[in-house]
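Colleague: please find the sequence and the predicted model below.
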Amino acid sequence: MQSSESSSSLRERISKRLYHPAAVIVLRIIIGGLFIFSGFVKAVDPWGSCIKIGEYFTAWGIDMPQPLVTCCSFLLAGYEFVWGAMLLLGCYKRCSVWCLTLMMAFMLPLTLYIAVADPVDDCGCFGDYLVISNTATFVKNIFITLGLIYLLLFNRRCGGLFVPYVQWVIGGIVTLYILIIELVGFNVQPLIDFRRFAPGEKLVST
């Protein structure tokens, strides 16, 4: 009994030393901001995301129907943006961290495989806005995962910007916003064009 109590007391002391509200807030801003950015640059150009996702399936020899690829494009961008925003704002403090951690549980081994096997030129995690190497992507994901592990332990201790009663409203607004961005990008044109060449520019000199 005494051993159990002393072990619990030791864990509490370690927890108190590791926890700091400023660390939680900084990690929310950094990790949440990264997911918001990653989701947004995908959402403004769903067709580009479809092409990149198609490259993965082609490299793996999977013949995926285009409607499913499009759904994956929409879901991936929306998932990253919404849960990144929830983390940044301190909404759904347990669920937001778990959702992003589960995503990284899939993405971390995937990006390790991509860094080693190099089946595609770049991961496409930041769309056409920022192209980074597959190795840099894997290293980035290691640090994100470590930050999320810290937040799994301590995120609930730090307050958010909104009271729990209105979190569903904030989540709904954020979801509707990114869905509109995706629909405009899919049916009209990207709201922001990150490509190197302007529309109509000649790529071959005459």
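Modeller: Received it, and whenever you're ready, just let me know what you need.
Colleague: next SSE downstream of the worst-scoring helix or strand of the chain on mean pLDDT?
Modeller: Least confident helix or strand of the chain, by mean pLDDT, DSSP states H and E, is helix 2-18 with a mean of 62. Helices and strands here follow DSSP states H and E; after helix 2-18, the next one along the chain is helix 21-43.
Colleague: what's the following helix or strand past that following helix in contact with?
Modeller: As assigned by DSSP H and E, the chain's next helix or strand after helix 21-43 is helix 46-59. The contact list for helix 46-59, computed with Cβ atoms under 8 Å, 6 or more residues apart in numbering, reads 42, 63-64, 66, 69-70, 72-74, 76-77, 119-120, 124, 127-128, 182, 185-186, 190. Every residue, glycine included, has its C-beta placed from N, CA and C.
Colleague: so the nearest residue in space to residue 95 that is not next to it in sequence is in which element?
Modeller: Spatial nearest neighbour of residue 95, excluding adjacent residues (Cβ to Cβ, 6 or more residues apart in numbering): residue 86 at 7.6 Å. Assigned by DSSP H and E, residue 86 belongs to helix 66-89.
Colleague: mind listing what's buried along that helix?
Modeller: Under the neighbour-count criterion of 16 or more other Cβ atoms under 10 Å, helix 66-89 has 69-70, 72-74, 76-89 buried.
Colleague: shaky segments in the protein?
Modeller: 1-15, 190, 192-206 (pLDDT under 70).
Colleague: mind redoing it with 50?
Modeller: Along the chain, no part satisfies pLDDT under 50.
Colleague: returning to what we had before: how about the contacts made by the residue nearest to residue 95?
Modeller: Going by Cβ under 8 Å, 6+ apart, residue 86 touches 32, 92, 95, 96, 167, 170, 171, 174.
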